[in-house]
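[1] Structure for the following, please:
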Amino acid sequence: MKKKLPLYAFIASALLLTGCLDFDFCDSCGDGGKDNFPIGYVVAFNPNDDSSTTSIVPDLTATWVLMNANTLPDWLSVSPHDGEAGYEVQISVTKANTTDKPLIHILTFVSFNGEKQIIKVIHEELDTSWYSNRGRHFSIGTRNELAGLAYLVNKGTDNFRRKTISLKNSIDLSPWNTGKGWIPIGSANNRSFVGTFDGRGHTITSLVINYDDFDYTGLFGYVYEGMIKNTGLVDVEIVGSGNTGGIAGYVWRGGIANCSVTGMIKGGGMVGGIAGFVNGNVANCNTIGVVNGRMFVGGIVGWAGGDITDCYTIGTVDGGSHVGGLAGSITLGSATLCYAEGTIKGNDVVGGIAGTIHNSKIANCSVLNATVTGLTNFGRLVGTKTGTNVLDNNED
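    This is a model prediction of the structure:
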């Protein structure tokens, strides 16, 4: 082969196969248009490298290089699965801010006849065909288009300031539910989402993320002065480090409204069912499931620096310290017309609504049929209070 990709190219394992793999290549590839791939190697490729492509099978172009399986970068994972027609390998990226494409490639070896291995390639490409740098309103409706949004934001192409992205239908993300899963939209302050995302009442199902050593984890990783609204997440499985949530990991001077999440969310510090950290407002949101973290853990928000209104959580909220049914901490904000139901437990600073509040207000909130337990500094409504606070017309 004449051209090679860098190590971050996506990987398909040829391990566990007996014999060699023969692929039909173009005549310019040498050896009569064929290349042999020996045992113990993996195949790396990038079908979107337009400058260097080789036709392998109908409707797919790619550049192939050899890479020893023992020298894979630690941010790539290869997960084997038994396929009905042979051996299937699914590949996914583990680095939260990786922007290269495609996100997932699946190869199924459908025939082992001892002479030639026939492969079927299923590829999940990023789709940015909907995007124009002159546009202000965009409509997307496939998982590839949603992945294209992550690519554009994480690469720094566009933060979508004063622009709106709308869902035109519900999306199933199950093809990303193995390995490290989905790459969050927005990875840092200079790679954040600044626009408006409007789900228009549609749902995104089977969101799986497994970045236990990365911050800013969720459907959106980092939102700066942006708004996420009218979006439902169903059956999530999210594992992150700091700033981990369902809708967003981290929101600065932005907001979340009319959103819901069901499933499991686990992280380190700043962990919430809707968002891990919010310096802004959250309204009309709800979660059903399990939220687990080390500190600042909440059924809705891990750490809140704004107003939480008309929200509820049902399920289990479990953490080490600063654990609340609604929020682990509320600072210079409020919780109004909210309730928590289920099990809220931690070691220190635990409350049915908030673990701790500082110069904040809790009004017309309820702790319904909930078990609230802690070792120290725990209370049915609030664990600890500092500064000047208002508690008004609450039921605990």
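[2] CA atoms for contacts and neighbours, from now on please.
    Noted.
[3] Which residue ranges make up the domains of the chain?
    10-124, 137-392 (automatic domain parsing).
[4] Return the member of the ones you listed having the minimum mean pLDDT.
    Sorting the domains of the chain by mean pLDDT places domain 10-124 lowest, at a mean of 34.
[5] Give me the distance between residue 190 and residue 158.
    Between residue 190 and residue 158 the computed distance is 11 Å (CA to CA, to the nearest Å).
[6] neighbour count winner among the two?
    residue 158 (20 against 14; other CA atoms under 10 Å).
[7] Wait, residue 193 touches residue 219, no?
    No. Between residue 193 and residue 219 there is no contact under CA atoms under 8 Å: 11.3 Å.
[8] What residues of stretch 317-335 count as buried?
    By 16 or more other CA atoms under 10 Å, the buried positions in stretch 317-335 come out as 317-335.
[9] ugh, wrong one, I meant stretch 389-396
    389, 394, 396.
[10] and the end-to-end length of that stretch?
    17 Å.
[11] contacts for it?
    The contact list for stretch 389-396 (CA atoms under 8 Å, 6 or more residues apart in numbering) reads 352, 357-368, 380-381.
[12] Mind telling me the two of the residues you listed farthest from one another?
    Greatest spatial distance in these: 359 and 368, 24.7 Å, computed using CA to CA.
[13] Please, where are all the strands along the stretch 101-250 of the chain?
    Taking DSSP state E, counting those that start in this stretch, the strands of the stretch 101-250 of the chain run over residues 104-112, 117-124, 137-140, 164-167, 171-172, 196-198, 203-205, 208-210, 220-224, 227-229, 232-239, 244-245, 248-257.
[14] Emit the ChimeraX select command for whichever of the contacts of stretch 389-396 are buried.
    Buried members of the contacts of stretch 389-396, defined by 16+ other CA under 10 Å, are picked up in ChimeraX with:
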select :352,357,358,360,361,362,363,365,366,367,380,381
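[15] The contacts of stretch 389-396 in strands, which ones?
    Taking DSSP state E as the definition of strands, these contribute 357, 358, 361, 362, 363, 366, 367, 368.
[16] Reformat the residues you listed as JSON lines; add distance to residue 298.
    Listed next are the ones in strands among the contacts of stretch 389-396 as JSON lines, based on distance: CA to CA, whole Å:
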{"residue": "357", "distance to residue 298": "13"}
{"residue": "358", "distance to residue 298": "16"}
{"residue": "361", "distance to residue 298": "17"}
{"residue": "362", "distance to residue 298": "15"}
{"residue": "363", "distance to residue 298": "18"}
{"residue": "366", "distance to residue 298": "15"}
{"residue": "367", "distance to residue 298": "14"}
{"residue": "368", "distance to residue 298": "16"}
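[17] Overlap in contacts, residue 193 and residue 219.
    With CA under 8 Å, 6+ apart as the test, residue 193 and residue 219 both reach residue 185.
[18] Give me the more crowded residue out of these two.
    residue 193 (32 against 26).
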